[in-house]
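Peer 1: model this:
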Amino acid sequence: MSGKYLWILLAVLLVVPVTGEAQVSPDTRLLQRVERDGAVFTGAYLDAQFRYQSWDMGDGWLLGPTFGMSFADLPQLELGSRVLLVSMKADKPAKGDTETGLGDINIWGKYQFLDDPVLLSAGLLFTLPTGSEKVVHPDATGEFNVEFFGAARYYIDDMIALIGHLGLRINADADYKIKGAKYEVDGETQFMMGGGVVFEATPELDILGELNFATEPYKDTDNQIEITAGAEYSFSEAFAGRGGIGIGLDDGSPDFELILAGSIVF
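Peer 2: Numbering: from 1, shown residues only. Take a look at the predicted model:
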């Protein structure tokens, strides 16, 4: 991890307004995975996201929407999906050209079974095998993978929400094709955990921070550990802009990640 990225992260965390009277919305989510939250969306939610990532194995970007919703007759239930276009120029396991293709489509459902004093939810996520085998990226395996997770949200007060999750992910064996050569990796069962905070500094501005950990997804790979910090600014009750940076603390995560997004609540 480059020292300059760490200084950028520290600057983001330190520049935090300390005034304002507001309340953290249950629709304000952390940047990495919106479903890993004890809260359930209040209606329909659409998040369009762009990510630039720099890896030890190469550089690339991801672009696509995440959609989630709850139901008036069953507000404890949240259903959602995520579709990503992934582009990577891989240097490992073999140096290749830039490849762009569809990533694995994520579909999840979760149910909130407790809302006082802690919001607790449990869910199931699976990936459709739509990922291109020419794109070397964890979000483009081209396999059916299953993830079980539990998530919590606790309000310290109206301005601070703590968020955490635990999970287990079963990764199928995956095949990649680079310059006509095929590479096969053996899937592993991952243990996942993470936590973060949403701090509402002003009625319009939320500060976001999180740390996520997962064991290696495939044999002979590395743990996925990443710290992420950013902010969300509400331009109106329905639309917000989101952004932040992530820094990988092990080779299973990108060394550096820039995240830009806009979210709409219907």
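Peer 1: now Ile264, nearest residue through space, not along the chain?
Peer 2: Excluding the flanking residues, the one nearest Ile264 by Cβ to Cβ, 6 or more residues apart in numbering is Leu46, at 4.8 Å. Glycine gets a C-beta too; all of them are placed from N, C-alpha and C.
Peer 1: isn't the one you found up against Thr66?
Peer 2: Yes. If you go by Cβ atoms under 8 Å, Leu46 and Thr66 touch, sitting 7.4 Å apart.
Peer 1: these two: which is more packed in?
Peer 2: Between Leu46 and Thr66, counted using other Cβ atoms under 10 Å, the more crowded position is Thr66 (21 against 14).
Peer 1: ok, now which ones touch the more buried one?
Peer 2: In this structure, Thr66 makes contact with 34, 46-49, 80-82, judged by Cβ atoms under 8 Å, 6 or more residues apart in numbering.
Peer 1: what subset of those is buried?
Peer 2: 34, 47, 49, 80-82 (16 or more other Cβ atoms under 10 Å).
Peer 1: identify, from these, the entry nearest to Lys219.
Peer 2: Proximity of the buried ones among the contacts of Thr66 to Lys219 (Cβ to Cβ) peaks at Arg82, which lies at 25.8 Å.
Peer 1: and the closest one, what is it in contact with?
Peer 2: Going by Cβ under 8 Å, 6+ apart, Arg82 touches 64-67, 105-106.
Peer 1: quick check on these: which are buried?
Peer 2: 64, 66-67, 105-106.
Peer 1: which ones among those map onto helices?
Peer 2: Counting by DSSP state H, no part of the buried ones among the contacts of Arg82 is found in helices.
Peer 1: with pLDDT and distance to Glu133 added, can I get those in a markdown table?
Peer 2: Below are the buried ones among the contacts of Arg82 laid out as a markdown table (pLDDT from 0 to 100; distance: Cβ to Cβ, whole Å):
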| residue | pLDDT | distance to Glu133 |
| --- | --- | --- |
| Gly64 | 97 | 19 |
| Thr66 | 97 | 24 |
| Phe67 | 97 | 26 |
| Ile105 | 98 | 15 |
| Asn106 | 98 | 18 |
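Peer 1: nearest spatial neighbour of Phe199, skipping sequence neighbours?
Peer 2: The shortest distance from Phe199 to any non-neighbouring residue, by Cβ to Cβ, 6+ apart, is to Ile207 (4.5 Å).
Peer 1: and for Ala152?
Peer 2: Leaving aside its chain neighbours, Ala152 sits nearest to Gly38 (4.2 Å; criterion: Cβ to Cβ, 6+ apart).
Peer 1: who touches that neighbour in this structure?
Peer 2: By Cβ under 8 Å, 6+ apart, the residues touching Gly38 are 112, 118-121, 151-154, 163.
Peer 1: need the pLDDT of it.
Peer 2: In this model, Gly38 is scored at 97, pLDDT.
Peer 1: what about it, which SS state?
Peer 2: In three-state terms, and counting by DSSP: H, G, I helix; E, B strand; the rest coil, Gly38 is coil.
Peer 1: and it, how close does it get to Ser87?
Peer 2: Per Cβ to Cβ, to the nearest Å, Gly38 is found 33 Å from Ser87.
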